[in-house]
Every structure is written in structure tokens, then in C-alpha cells.
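Engineer: Let's see this in three dimensions:
(chains A, B and C)
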Amino acid sequence: MTKKSKTICTIIALLVLAGMIVSVNEFTSQSSMLRTVLQLGSIYALAAVSMNLLNGFTGLFSLGQAGFMAIGAYTYAVFTIPVNSKPIVYYLYGVSDLLANVELPSWVGLILAGLMAALLAAVIGAPVLRLKSDYFAIATLGFSEIVRILVASSPFNTITNGSLGLKLIPGYHSYYTPFIIVFICIVIIALLIKSSYGRAFKAIREDEIAAEAMGINLARHKQLSFIISSFFAGISGALLAMYLGAVTSTTFPIMLTYNILLIVVIGGIGSITGSIISAFLITAAKEWWLRFLDQTMIIAGIHVPFLRTGFRMVVFSVILMVVVLFWRRGIMGQKEFSWDGIYRFFTRKSRKGGAVHE
Amino acid sequence: MSKQNLLRVSDATMQFGGVVALNNLNLELNKGEIIGLIGPNGAGKTTAFNVITGVYSPTNGEITFDGEVIASNFPHGKMKALYAGQNAGKYTKSVVPTPDKITKKGIARTFQNIRLFKDLTVFENVLIAKHLNIKSNVFAATFMLNRKEEQQMREETMELLKILDLETHKDDIASSLPYGKQRHLEIARALATKPKLLLLDEPAAGMNPQESDELKNFVARIRDDFNLSILTIEHHMQFVMGICDRIYVLDYGTLIAEGIPSEIQNNPKVIEAYLGVDE
Amino acid sequence: MTATAFFSYCLAGMSIGSIYALIAIGYTMVYGILRLINFAHGDIFMMAAYFMIFAMVDHQIPWYFSMVIMIVSTVLLGVVIEKLAYKPLRNAPRMSIMISAIGVSYLLQNLATYLFSALPKQYPSIPVLNKTIALGGVSTSLVTFITPIITILFVVLLMLLIKYTKMGMAMRAVSKDFEAAQLMGIKINSVISFTFVIGCFLAAVGSMLYFTPRPSVFPLAGSLPGLKCFIAAVFGGIGSIPGAVVGGFIIGFSETFIKAAGYSEFSDVFTFVLLIVVLMFRPTGLFGENLAEKV
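Structural biologist: This next block holds a predicted model:
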């Protein structure tokens, strides 16, 4: 396919997607599952893509996602809760003088959320990135927990409202807000990966020693990937805060990181398209389609076995294990969506073979 | 051709714990030369490469490249007591660059066990090696403000692929290439970093005599076309004797002979090292 | 702080420290042999508690039999997990097996929530253990006192096993060099299963000692202790059993005294900070060894 026809196809596809979202907004009721699933799905898509940048493209297995999302969420909340609402929210501890009259516009809050997360990544990056892969995973996990506990701890009561958490967080201006923001962010990440720096990240993933021998400074590039990934994780956290309207430290447990990891693994580690598809699929399944697994069902007078609260999550866990054990590639493997790929799929063009080496 | 020194390895010793892997190596390479580094297995040849390229920091000794000391170290800390090599007090500076810095200075290498970026395409493998000279920062690169630079990197990459006869494979996944082509790709990738000195670690491994002959011509050609100097480890004696200007011989980490090919071939110590002594 | 208060905190610290030690041993042994961080170990510890409840509370089986049932079930669970979730990935890239361990942890937590509900369940009271005794002016329950003794006993037995039995030697060989051990004819699968048996056995014992003085069990009860015990193992030197024990005690003591000093909010933060500090300045831990990669 020519470049021109590819661009036309892309534009048409985007318009169709946009059209679908618009029609969902116009034609479904406020409480429809589809609405919430689409919004939540897009937030998880960004979280998954930012995790994939670090884990999948640079090969740095980090389990700190939840911590960075927490920072982003709290930063956003702290700066955007309306001044009038602050006394209500901070009723127990009072609000710090620094913040009492601060109320920033939504987009500023978002960027600050990303920057705070990026700042934390910059600070802990230097020492942590030197660690071997297993230890790096545990260290990031440790940091995530440290963040989660500290954010709700007493010294910060007047800023983060301690264990009560923050509420009355202003939500989205319009239904389309999360989609637009997530779209922009993912496009930026995709551009980064297409660039020379993105290729350097992939080189580090493939073979660190060879990458270094080819002139790529490992420390600098790993830090870059870590900081950028955390920036977008922070933004996804802020988007989640806007969606939920309230956050506490229990909103960001290790389970959240595992959930995002699940999405990344099923979508394909190293594929942006995979993460996006997987995010929507899994969110839809979890929040909507598989809800029935949690309800007790009686068919023809017989109790259907297994079906009761909690079964849904068990099914999920089993699906994850199946993917990890038998289908490590995930939905997209390391490939991205491409018009050529679709064209080839439909015309079944035979591909060039070659000797396979171990 | 006037002899201009490009690489000087001075008293390089590499000691791991109690084991001396490289013992006081002294080696000189002049511009345009092809130097061979040979010796039985385990003699310390790849260790020498790793010391030169910064993968290891020498326990003692100095590496000078194009007039600049690019690596240097002396026994200190725990190693001070353990040091079993020579010239203990000679060096006092500690210059410990990461390998990427040494590559940026103009030394590139290939690996004994091929270390290609396995899941990436042939084109990407070489293109990545162009990243080290990138002038734009991550923002410019992401938002495509560096179109010209990116274009140039891609053109240079295509050029290299053509020269190394890999053009038709450009979109193939690196690990799907036949063995010989993979070795070519490793060399193409190293060349992409625009080196002045190329370190080849057993480039002819696994090749039959005809292939190794072609490699000989190829190495001579790239030396001329790319204005290179080459230091090569190799076991294929035909290859080494046929192409090297001078040869260094290592055994158990120590230099046992150096000279031109004819001298080395007839050196009794070299023969003894490879074949053993009659009991 | 009075002398008796200090003494009672010491007892408490020793007690929780030894439980952490028992569980940390499981982590360190599995890592030593498989180079795998068994994220699911803390959740196995949690499942052991539920097995006990299932036997004693739901089925009224006397405590000595329930204990046996619990231990056997826990060990079985561990071995099954190894065979199903870790063995198939033995030759896969490191990330895959780590993800698998995370997946198992995720599965166990969700399974526990499903089977036993997310509401906390009361851990059965074992009369013998809950007896109050007076020790040096402090009254505490027998379990607090017995715990360190049982721990030391098991650790000594384990060290003897590793040093003087054939299996122990096989385990040491496998942790030094996995492939060479296989080539020398060591039955790798047996060694690995045995490692899990020991690890899960200790986790089961630790589970009983941990939950007896505590009011309840809930599905995520193994998550935080598991993480702390892994930190203990790293601190002591991952792969080293004495290290894991020392690490467990250190974390147990510091946690107790930080709480005693009034900073209970930060006792967990301290443990995590300790982890980061260890990883940065002495990643091999107190008793660990260095492993270099050949280029």
C-alpha cells in the first residue's frame, strides 16, 4: 500500500472511532455501562501503554506503576479541589495555608500531576536503575508502597488529608475529555518509540551489553525511559482521580499494578496497539460482560455451581495464568497495528522465510 | 605509509579475584594496520577486547587511543593486597569510562557469540548504531523536528547494508538470518558507529575456507574504504596469516610472541602453546 | 520505657522476627535454586491459615489433626504451583516466570476472596498456644514464647539437613550451578520440589504461629508480611538461609520498636526504606555472594 492510501485509511479509522464515541455519548443514557467502560478503559489504556514503555520496550521490569499513579492523582486533587470545597474535604485536619487558596485549572493540574510523578522517578531512578532486573522489580514495588503509605501519613495531613483521602475532585469538563487526553498521550509515546531514542530503548531491551557497545549510554537512556513512563503514569493517575472524584491511599494498592500488568501481558508486551485493545477488552469484561459470574444463577431450578461473588476475578486470574503459560506473546506480540498487516492478512500473502537460529 | 600510533595498550593486567586473566599486555596498533591477536582458548584474548572497550576496567595499566588516555587503573582497595601482576606502582590515575564512551571515541567491536538485537529487523539493528551521534534531544526526536538527521541516518544505514550485501534482508528479523549473514550484520552494525578502530572477535568462526577467504578480501576492502584500523581475534590461521600486518600471541594471559606472520609461524614458543610439548 | 516494658517488646520482636525468619527462608531457598522471586509465597502463607480454619472451624477437627491437614495441604499447594506455573517456564526469559509468580499471587488472593469471602474470618484458637504464661514479670501467651524456640529448632534442623544429607548437597549444587548440577545427574525436579516442600512447610508453621495471637484472617493478609519477609531475605543475602533468619529478626525487632516508639504509621515504610538502602549499598545483603556475568 502506498503511504498516501495508508494515511487515508488511518484518517478514516480515526473518524470512525471518534464517531463511535460521539454516538455513545449522544445516544446512551448517563448510567450506561458502555459509557463508563469506555472512559475507564481509556484511562487503563494510558496506564498500560506507559507501563509498556518501560517494561515492554526498554525491558525494565518495574512494579511501581501504582505509586506513580498515586502521586499523579494526589497532585491533581490537591491543586484542583475548589477553594470553597476545601474546608469540607479537610474538615478533620484543616487545609495547609499554602493550599488554602490555590485552585488551578484542570489542564495545569494534569501537567503538574505528570511532572510530580516524573520528578519522583528522576529522584529514585539513579540508584534504582542500577539494580539487576529482579531487584529492580522489588525496589520499584517497595517504592510504590512507600509512596502509598507516606501519602496518607500524618505529616501530610493538611495537604493530603491523611487516611481520609481527598474528595470533591472536579471531574471531566465533558464526556470526551479522557479520550482526548489519552489519545494525545499515547500518540506522543508512539512517536517517542518510533524515534531514534525509542529504538535505543528497544536495543537496551534486546541486549544491554551490545547496546552499550554501540554507543548507547545505558544509565541515561534507562532514566529517560523511567521518567517519561512515570510522567504518563502520573497523568493516568490524575485521570483516574477525575473519574472517581475521590482518592485515598487504598485506591492505589499493589493490586492495581498487577491489574495493569495483566492488561499489558494479555495485550502483548512490546505492543502499544495490544495494550490499548487489551485495556478496553479487559475493562469491558471485568466491569461489564463478566459481571454475571458474580451473580448466583438458577437455571431450571438448579443452582449453577461456582457462580457467586468473586468468581469473576478468579476467572480473570486463570485467564492471566493461561496467557502467561501458553500464549506468552499475547494478542499482538511485539507487533503494532499496520494497514500492511491487515492487507496481508486478507490477501494471505506468503511471507519470506529464513533459517531460524536460536 | 607513515606509522602513526592509534592504539596503545600499556601493561594491561586483568585480575578476577585470584585469577590473572590478562598479564601485563603491551600492544601497539598504528593507523591503517590490521593486527591479529591469537592464542589458544582461554588465553585472554576476549578479555583484552573487553578491557580495551571498557567492559572491564583493567586491574592495572593504561589504554591510549589517538593520543588520549581512554582508560587507566591501578590496584586499590581489596585488589591492592591481592594483586599478583607486574608494574604495581606505575599507574596512579583511575579513568573508568563506560563502554559507550569508548565507542563514541571511535572504537567499535563485534562479539564472539553474536549479540545482535535478535527480535529487531536487520535495518533497525544497523540504524540503532547510528544513535550515538544523534544531535537532537528526546523532544526534538519525538516530535519529528529532526527530519533531516533521521533521514541522513537512514540513508547511511542503507548504504552500509548495500556494502555488506544485506540490502535484500533489510526487513527480515535478525535472528532469522543464516549464520554467515548474521556475522555480516554484526560488522555492519559496528561500522555504523563510524569507528576509527574496529575490533573483530573471531569474525571467521564457523566459516568454511571459501567463506573465510571472502572475509579476508572483505576485511581488506573495508579497511581501505572506511579508513579503518583493525584488531582481530581469530583462530583460523589461514585468515590471520593472510591478512594481518602483525600478530600478537597470548597464552594463559601472557604475551609470548609478537611479530610479522612469517616470524610467528616459525616461533617455537607459539607452536608449543598451540600443540603442546612432546613429553 | 520501663524494664518490663522493654522486655515485653523484646519478646514481641523476637516472636514476630522468628515468624518472618521462617517465611523468609522459603523465599531465599526458592531464589537460591530457581533465581525466582516467589511472589506467591506470602499468599501460600495466607492460604495455610484458611486451610486451618477450614479444618478446625468448618469441620470441627481437633487441633492436632487440623495442624497436620493444614501443613500437608500447604505443602501440596506449593508443590502443585511449582509444577503448573513455574516448571513450564524454566527456560523462558526471566520476566515471564516473574510474571507467572505475580499471576499465581493474584490468583491465590482472588481465589481466597471467592472461597472464603473478603470479610475477615476468625482464626481458631488453639488452647495450648493461647495459654497465658508469666515470664520475668511479663505475662504473655505461650505462643509468643514458643515461636522463637520452634524457629531456631527448625533452622538448626534445616542447616543440618543441608550440610549432611545427600539431598542437601544436591540443593547446594543446584543453587551454585543449575546446568552443571543437571549434567552431574542430579534429579533437578526432585530437588526443586523438595525445596518447595521445605519452604511451604515452614510457611505453614509460621502461619499458625502468626495468626494464633491475631484476631482474624483476610485474603490479603499474606501480601504485606510476604513482602516484608522477602525484604528480610534480601537484607540477609538472598540465597543464604542464615541470612534470611538474621534478616527476619532484624525486621521483626525494628518493626516492634518503631511501633513501641509511637511511630506505628511508619513501621512499614521503614522496612521498605531498609530494602532500598540495602539494594543500593550492599545488594548482595549481609551474607550474600556476588554473581558476575560473562561477556
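Engineer: from the stretch 151-279 of chain B, which residue is nearest to chain C?
Structural biologist: When scored by Cβ to the nearest Cβ, the stretch 151-279 of chain B has B:Asp201 as its residue closest to chain C, at 10.1 Å. Every C-beta, even on glycine, is put in place using the N, C-alpha and C of the backbone.
Engineer: Quick check on that residue: phi, psi?
Structural biologist: Here is the backbone geometry of B:Asp201 (degrees, to the nearest 10): phi -100, psi 100.
Engineer: Got phi/psi on the residue lying closest to it once chain neighbours are set aside?
Structural biologist: Using Cβ to Cβ, 6 or more residues apart in numbering or on different chains and skipping the chain neighbours, the partner closest in space to B:Asp201 is B:Gln112 (4.4 Å). With angles defined as degrees, to the nearest 10, B:Gln112 sits at phi -60, psi -50.
Engineer: The one 3 residues further on now?
Structural biologist: The phi and psi values for B:Arg115, taken as degrees, to the nearest 10, are phi -120, psi 70.
Engineer: Distance of the residue nearest to B:Asp201 relative to chain A?
Structural biologist: Distance of B:Gln112 to chain A, given as Cβ to the nearest Cβ, to the nearest Å: 12 Å.
Engineer: Likewise for B:Val20?
Structural biologist: Between B:Val20 and chain A the computed distance is 23 Å (Cβ to the nearest Cβ).
Engineer: Can you check my assumption that that residue lies in a strand?
Structural biologist: Yes - according to DSSP: H, G, I helix; E, B strand; the rest coil, B:Val20 belongs to a strand.
Engineer: quick one on the thing from earlier: check contacts around the residue nearest to B:Asp201.
Structural biologist: When contacts are counted by Cβ atoms under 8 Å, 6 or more residues apart in numbering or on different chains, B:Gln112 is found next to B:46, B:201-202, B:205, B:233.
Engineer: Check it and give its pLDDT.
Structural biologist: Per-residue confidence (pLDDT) for B:Gln112: 87.
Engineer: now swap in A:Met1 and tell me
Structural biologist: With respect to pLDDT, A:Met1 has a value of 64.
Engineer: how close does the residue nearest to B:Asp201 get to C:Phe266?
Structural biologist: The gap separating B:Gln112 from C:Phe266 is 51 Å, by Cβ to Cβ, to the nearest Å.
Engineer: Repeat that for C:Tyr114.
Structural biologist: Distance of C:Tyr114 to C:Phe266, computed by Cβ to Cβ: 34 Å.
Engineer: Repeat that for A:Lys202.
Structural biologist: On the measure of Cβ to Cβ, A:Lys202 and C:Phe266 end up 40 Å apart.
Engineer: now swap in A:Ile263 and tell me
Structural biologist: 33 Å.
Engineer: And the strands in chain C, which stretches?
Structural biologist: Remark: strands assigned in chain C by DSSP state E are C:121-122, C:132-135, C:138-141, C:216-217.
Engineer: Could you do the stretch 101-250 of chain B as well?
Structural biologist: Along the stretch 101-250 of chain B, counting by DSSP state E, counting those that start in this stretch, strands occupy B:107-109, B:197-201, B:229-233, B:246-251.
Engineer: In terms of secondary structure, what does the first one contact?
Structural biologist: On a contact count with 3 or more Cβ pairs under 8 Å, 6 or more residues apart in numbering or on different chains; DSSP states H and E, strand B:107-109 meets helix B:179-192, strand B:197-201.
Engineer: what do you get if the cut-off is 10 Å, keeping everything else the same?
Structural biologist: If you count contacts as 3 or more Cβ pairs under 10 Å, 6 or more residues apart in numbering or on different chains; DSSP states H and E, strand B:107-109 packs onto helix A:208-213, helix B:45-52, helix B:99-105, helix B:179-192, strand B:197-201, strand B:229-233.
Engineer: As CSV, those with mean neighbour count, mean pLDDT and distance to C:Leu158 would be great.
Structural biologist: As requested, these are arranged in CSV below (neighbours: other Cβ atoms under 10 Å in any protein chain shown; pLDDT from 0 to 100; distance: least, Cβ to Cβ, whole Å):
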stretch, mean neighbour count, mean pLDDT, distance to C:Leu158
helix A:208-213, 23, 94, 37
helix B:45-52, 25, 93, 40
helix B:99-105, 21, 94, 43
helix B:179-192, 22, 91, 48
strand B:197-201, 24, 95, 46
strand B:229-233, 24, 94, 48
